[in-house]
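>>> got a structure for you, letters missing:
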C-alpha cells in the first residue's frame, strides 16, 4: 500500500465518523421531539459502517495492480431507524397528549448518545493523527531526495 493510498483510507474513515457524528447530534437535538412530519415522535438513527475500496488519485493504476488492487477503507452502507415503541409519559396538559393523557417521546438516552459522540470524535481524531504521520513521512521522503 502506498502512502497516498493510506491517506485515502484515513480520509474515508474521517468521512464515516463525520456522518456518524451528524446523526448523533441530530438524535440529541430531537431528544424531546414528540411530533415529526412523518407522524409520531422522532425515531433514533444510527449509521452502519462497511468496508469499501478506496482509490488514490495520486497512485498509478499499474502500481495498484502490482500490489493486489486498491486499498480498503470504510464507508457508510445504511442508516438504521429505531423501530422500538416510543417512551410514554403521563402529561395530560401537553398538546400531543392522547385521550389517556400520555405523550409519546423518542426512546433514546442522551448520555449514551454523548458517549457515542465522544467515540466518533476520537475515531475522527485518530484518522487525523494517521494523516499527519503519513504527511510527515512523505515530507521526509521528499527531503531525502533533495
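Thanks, I have it. Because the structure is predicted, anything quoted here is derived from the model rather than measured.

>>> what ranges do the strands span in this protein?
Per DSSP state E, the chain carries strands over the ranges 45-54, 71-81, 87-90, 102-105.

>>> can you tell which of these is closest to residue 126?
Checking the strands of the chain against residue 126 by CB to CB gives strand 71-81 as the closest, at 11.9 Å. The way it works is simple: take the backbone N, C-alpha and C, and place the C-beta from them, glycine included.

>>> Pick the most deeply packed of the strands of the chain.
Mean neighbours per residue, mean count of other CB atoms under 10 Å, is largest over the strands of the chain for strand 102-105, with a mean of 18.

>>> Could you list the residues in contact with it?
32, 34, 40-41, 86-91, 94, 96-98 (CB atoms under 8 Å, 6 or more residues apart in numbering).

>>> can you rerun that using 7 Å?
32, 34, 40-41, 86-91, 94, 96-97 (CB atoms under 7 Å, 6 or more residues apart in numbering).

>>> mind putting the strands of the chain in TSV, distance to residue 139 and mean pLDDT included?
Shown next, in TSV, are the strands of the chain (distance: least, CB to CB, whole Å; pLDDT from 0 to 100):
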stretch	distance to residue 139	mean pLDDT
strand 45-54	22	90
strand 71-81	21	89
strand 87-90	53	96
strand 102-105	53	96
